[in-house]
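Enquirer: mind looking at a prediction? Sequence and model below.
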Amino acid sequence: MTTIIKKNGFTNETLDWKAWLDVVDPNTATAEQVSVLEMSHPKAKVSDYYLFLVHQPAILKQRSEAFNAIMYAPGGLPRAERELGSLVVSCINGCVYCASVHAQRFEQLAKRADTVEQVFDNPRTAGTNEREQAIVAFSVRITEEPENIAPQDIQALKNVGLDDAEILDLLHADAIFAWANRLMLNLGEPVFPQEQAAD
């Protein structure tokens, strides 16, 4: 059983998310909208996030194809480390919902929660080894100072064993969460388990 971690407003609990604007009713959605929902995520038809974004199905389709390729494609950066980058970016951006999802995915893939607790405590100092610390440091820097990324930032990743394909995967994972976090933060809010029970 997963140990619940709650620190600095973040948690690895399963959260819901509520849109502030009207969502598409899946029962009256167009064929194009249904098709895009089905290719986006297994729970897209019951998720306010996807049901809001599918107002513009062509954009959601592009978003989902990019997201799925970045986060799930075989080869390159191990999936747990893609999740670590996404978790760090989400914490720096203050996206509680995304942080909870990617904390859980890191734990599932890495089979441990120590790094998650460290990220929640202070993402700037997290990591249980040099490789994790370098991934975390890069993810923090590209989120806070993207204009200042320089060759030495890439070299720091190479110094701990990341190859070019792994570095590109990390960059993609970090970058897509600059987008995903802003959608989540500006279109709705997380719903915590105690709030779900009260509804």
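Expert: Thanks, I have the structure now.

Enquirer: CA only for contacts and neighbour counts going forward, please
Expert: Noted.

Enquirer: distance check, the residue lying farthest from the centre of the chain against D48.
Expert: Here the centre of the chain is the reference, and by CA atoms, centre = their mean the most remote residue is T28, at 29.5 Å. To D48, T28 is 15 Å away according to CA to CA, to the nearest Å.

Enquirer: now swap in E145 and tell me
Expert: 31 Å.

Enquirer: go on, I70?
Expert: 22 Å.

Enquirer: one more: E166?
Expert: 32 Å.

Enquirer: out of the two, which sits in the busier spot?
Expert: Between E166 and D48, counted using other CA atoms under 10 Å, D48 has the larger neighbour count: 23 against 19.

Enquirer: enumerate every residue touching the more buried one.
Expert: Neighbour list for D48: 17-19, 23 [criterion: CA atoms under 8 Å, 6 or more residues apart in numbering].

Enquirer: next one: L157
Expert: Residues near L157 by CA under 8 Å, 6+ apart: 131, 134-135, 138, 167.

Enquirer: pLDDT score for it?
Expert: pLDDT, L157: 98.

Enquirer: what residues go with each domain of the protein?
Expert: With domains defined by automatic domain parsing, the chain comprises 16-72, 77-187.

Enquirer: span of the first one from start to end?
Expert: Okay, so that is domain 16-72. End-to-end span of domain 16-72 (CA to CA): 22 Å.
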